[in-house]
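> I would like the atomic coordinates for the input below:
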Amino acid sequence: MKSILRIIVFVPLALVILFFAMANRESVRIWLDPFAPNDDSGPHFDAPIFLVVLASAAVGVLAGGVSSWIGHLPVRRAAKVARAEARKTRVEIERLRQQALASLPGDKTK
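Predicted coordinates for the structure are as follows:
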């Protein structure tokens, strides 16, 4: 089911990106210094506009992912502590169960 859903989502998305790239192949000049005048003295490079747009989107996705990961650090830390406490509690329960079974009267050889 997941593979079908992935195909339904990612194939049209890939086609949209492909068509966007094919339609926007013109080269644009990217200036790296925002304070330089608009002549050729500042640092710049030429790139296809689809590359600029897709790279900007990729940087945005990465920045959002990093931001989300950092935002969830306290939750992951609390989950780690809870897992350790649950593990310790399971060990203690098993120890108490063994003690309770050992203290039961009756034949223990069966």
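> Three-state assignment for the most centrally placed residue in the chain, please.
The centroid of the chain falls nearest to G65 when counting by C-alpha atoms, centre = their mean (5.3 Å). Per DSSP: H, G, I helix; E, B strand; the rest coil, the secondary structure class of G65 is helix.
> F45: which element?
Using DSSP states H and E, F45 maps to strand 44-48.
> So which other helices or strands are in contact with that strand?
Strand 44-48 is packed against strand 27-31, with contacts defined by 3 or more C-beta pairs under 8 Å, 6 or more residues apart in numbering; DSSP states H and E. C-beta here means a position set from N, CA and C on the backbone, and glycine is covered the same way.
> pLDDT of the strand it packs on, averaged?
Averaging pLDDT along strand 27-31 gives 88.
> Any regions of this structure where pLDDT drops low?
Applying pLDDT under 70 to the chain flags residues 38, 107-110.
> Let me see the domain layout of it.
1-60, 69-103 (automatic domain parsing).
> Adding mean neighbour count, write those domains out as JSON lines.
Output for the domains of the chain, formatted as JSON lines (neighbours: other C-beta atoms under 10 Å):
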{"stretch": "domain 1-60", "mean neighbour count": "11"}
{"stretch": "domain 69-103", "mean neighbour count": "10"}
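> ok so, going back, between the strand holding F45 and strand 27-31, how many degrees?
Counting by axes from the mean of the first three to the mean of the last three C-alpha atoms, to 10 degrees, strand 44-48 lies at 150 degrees to strand 27-31.
> Walk me through which strands strand 44-48 pairs with, and which way each runs.
Next to strand 44-48 in the sheet, as set by DSSP bridges, lie strand 27-31 (antiparallel).
> State the distance from V91 to G42.
Going from V91 to G42 by C-beta to C-beta, to the nearest Å gives 66 Å.
> All the helices of the protein, residue numbers only.
2-23, 49-71, 73-102 (DSSP state H).
> Looking at those, which is nearest to R29?
Taking C-beta to C-beta, helix 49-71 is the member of the helices of the chain nearest to R29, at 10.3 Å.
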